[in-house]
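*Asks:* Got a sequence here, can you build the structure:
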Amino acid sequence: LQSKLTSTEKENTALKANVEDLISRSKRQNVRLVGLPEDIEGKNAREYVTNLLSELLGDCLAEPPELDRVHRSLRPKHHADEPPRPLIIRFHQYVIKETVMRWSKSQKDISYKGHKIKMYEDFSIELARK
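*Replies:* Numbering: from 1, shown residues only. As a prediction, this is how the structure comes out:
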């Protein structure tokens, strides 16, 4: 029993590492945009964020970025005393995502229509803890 337990623990550890790797790879092209009020994006969040990025980055992007999807993080809507949920942006091309992140890191403060915003890599929970 002891050897089976040890073997199962090793297998479990390896499986957890594989799952963590898969989750991280699936989020590789994602960016979290924090600071925009709830429902400011309206019915078409992808179009709103495309315009937002085009306006903010200006000449850094040759054309508006192609986004696969944009949605709020998957948790219940906030209450009045909680901050708004972040927007999760999935870029179609990793290179464009990297351009946006480099631009974001080079800026001290980013403001859009009176809202202070920040952009972060979309890491998995486990990777963020590490």
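*Asks:* which residues of the protein score low on pLDDT?
*Replies:* Within the chain, the stretches with pLDDT under 70 are 78.
*Asks:* and if we set it to 90?
*Replies:* Judged against pLDDT under 90, the low-scoring parts of the chain cover residues 1, 23-26, 37-42, 58-62, 73-84, 108, 111-114, 122-130.
*Asks:* Could you point out the longest helix of it?
*Replies:* The longest helix of the chain (DSSP state H) is helix 2-26.
*Asks:* This protein: helices as residue ranges?
*Replies:* If DSSP H is used as the criterion, the helices of the chain fall at 2-26, 45-57, 94-106, 125-129.
*Asks:* Other residues contacting the last one?
*Replies:* The contact list for helix 125-129 (Cβ atoms under 8 Å, 6 or more residues apart in numbering) reads Glu20, Ile23, Ser24. All C-beta atoms are positioned from the backbone trio N, CA, C, and that covers glycine.
*Asks:* Report how many residues lie close to the last one.
*Replies:* Burial of Ser24, expressed as a neighbour count using other Cβ atoms under 10 Å, amounts to 14.
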